[in-house]
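K.L.:
okay, structure incoming, though there's no sequence with it:
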């Protein structure tokens with residue numbers, strides 16, 4: 001995997017992930033392989049070169065997955081996965097789950113318990 005270290009994109013879904021977390025890296029590698037159209041822009045926030053920006057500090061980014069949409073909206077945790085799925089054509093069908101009432105309530109505990117960090 002070769003995450004991007006350039007200024008944050010406004011054209012793609014920007015994904016901020018903890019590259020020092022083996023589970024996080026494995027998941028991001030999986031999505032990167034599925035992203036055949038280049039819809040995701042990946043930033044490994046564990047790199048020394050990542051200092052964050054005026055909306056996301058390195059400490060915040062290390063605590064949980066963050067996704068920034070092309071319109072600037074930022075989403076973290078389980079909701080970020082829905083946005084990645086929505087951006088990758090072969091995963092869009094799964095993104096539809098987020099429209100089901102209560103889906104986020106069910107998904108959030110799974111994200112927290114499976115992450116390298118325990119912060120909600």
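P.N.:
Everything's here; your move. Bear in mind that the values here come from a model prediction, so they are computed numbers and not experimental data.

K.L.:
burial measure for residue 61, as a count.
P.N.:
21 (other CB atoms under 10 Å). The C-beta positions use only the backbone N, C-alpha and C, and glycine is treated the same way.

K.L.:
and it, what element?
P.N.:
helix 58-63 (DSSP states H and E).

K.L.:
helix or strand right after that helix?
P.N.:
Heading C-terminal from helix 58-63 (DSSP H and E), you reach strand 66-68.

K.L.:
tell me the strands beside that next one, with direction?
P.N.:
Using DSSP bridges, the strands paired with strand 66-68 in its sheet are strand 13-17 (antiparallel), strand 74-76 (antiparallel).

K.L.:
quick one: which of these is nearest residue 85?
P.N.:
Taking CB to CB, strand 13-17 is the member of the strands paired with strand 66-68 nearest to residue 85, at 10.1 Å.

K.L.:
average model confidence for that closest one?
P.N.:
Averaging pLDDT along strand 13-17 yields 94.

K.L.:
same for the helix or strand just after that strand, what does it pack against?
P.N.:
Downstream of strand 13-17, the first helix or strand assigned by DSSP H and E is helix 22-34. Applying 3 or more CB pairs under 8 Å, 6 or more residues apart in numbering; DSSP states H and E, we find helix 22-34 packed against strand 13-17, strand 40-44.

K.L.:
reformat the ones you listed as CSV; add mean neighbour count.
P.N.:
Below are the helices and strands packed on helix 22-34 laid out as CSV (neighbours: other CB atoms under 10 Å):
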stretch, mean neighbour count
strand 13-17, 24
strand 40-44, 22
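
K.L.:
okay, and for the protein, where does confidence drop off?
P.N.:
1-11, 104, 106-120 (pLDDT under 70).

K.L.:
three-state assignment of the residue of it positioned farthest from its centre?
P.N.:
Most distant residue from the mean C-alpha position of the chain: residue 101, 21.8 Å away (CA atoms, centre = their mean). Here residue 101 is recorded as coil under DSSP: H, G, I helix; E, B strand; the rest coil.
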